[in-house]
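Visitor: structural data only, the sequence is not supplied:
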């Protein structure tokens, strides 16, 4: 993640919703405690948030990493995947 990248914020179980769009303000770096971190700001809140059921059956997102893998917290979206999600918001 680098400065200016957009990040789709997803609330996990039990909510399972896309809720916010973030913009990275500081890329991956080590904090003073030695852990990796990314800093970002809220760019846009999705009102209402979008349940993940809105996405699961869309052909455009059939290969989307976050929908295929429920382990992890930072996934790359292809440009077309991001645009599909953003258009639904």
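Guide: That came through fine. Everything quoted here is computed from the prediction, not taken from an experiment.
Visitor: could you say which helix or strand holds residue 9?
Guide: For residue 9, the element it lies in under DSSP states H and E is strand 6-11.
Visitor: can you tell me the strand partners of the next helix or strand after that strand and which way each runs?
Guide: Counting by DSSP H and E, the next helix or strand C-terminal to strand 6-11 is strand 17-30. If you go by DSSP bridges, strand 17-30 pairs up with strand 6-11 (antiparallel), strand 36-51 (antiparallel).
Visitor: list the contacts of the closest residue to residue 89 other than its chain neighbours.
Guide: Spatial nearest neighbour of residue 89, chain neighbours left out: residue 46 (4.4 Å); criterion: CB to CB, 6 or more residues apart in numbering. The C-beta positions use only the backbone N, C-alpha and C, and glycine is treated the same way. By CB atoms under 8 Å, 6 or more residues apart in numbering, the contact list for residue 46 reads 18, 19, 20, 21, 89.
Visitor: most neighbours among these, which one is it?
Guide: Each of the contacts of residue 46 was scored for neighbours by other CB atoms under 10 Å, and residue 18 scores highest at 21 neighbours.
Visitor: separation between the closest residue to that residue other than its chain neighbours and residue 42?
Guide: Among residues not flanking residue 18 along the chain, residue 50 sits closest, at 4.4 Å (CB to CB, 6+ apart). Relative to residue 42, residue 50 is positioned 16 Å away (CB to CB, to the nearest Å).
Visitor: same check on residue 17?
Guide: 15 Å.
Visitor: have a look at the two and say which one is more surrounded.
Guide: Shown here are residue 17 and residue 42; by other CB under 10 Å, residue 17 has more neighbours (17 against 11).
Visitor: surely the residue nearest to residue 18 and residue 87 touch.
Guide: No - judged on CB atoms under 8 Å, residue 50 makes no contact with residue 87 at a distance of 10.8 Å.
Visitor: the residue lying closest to residue 25 once chain neighbours are set aside: how many residues sit nearby?
Guide: Excluding the flanking residues, the one nearest residue 25 by CB to CB, 6+ apart is residue 39, at 4.9 Å. Residues near residue 39, counting by other CB under 10 Å, number 14.
Visitor: so what's residue 39 up against?
Guide: Per CB under 8 Å, 6+ apart, neighbours of residue 39: 24, 25, 26.
Visitor: since that was my last question, I'll sign off now.
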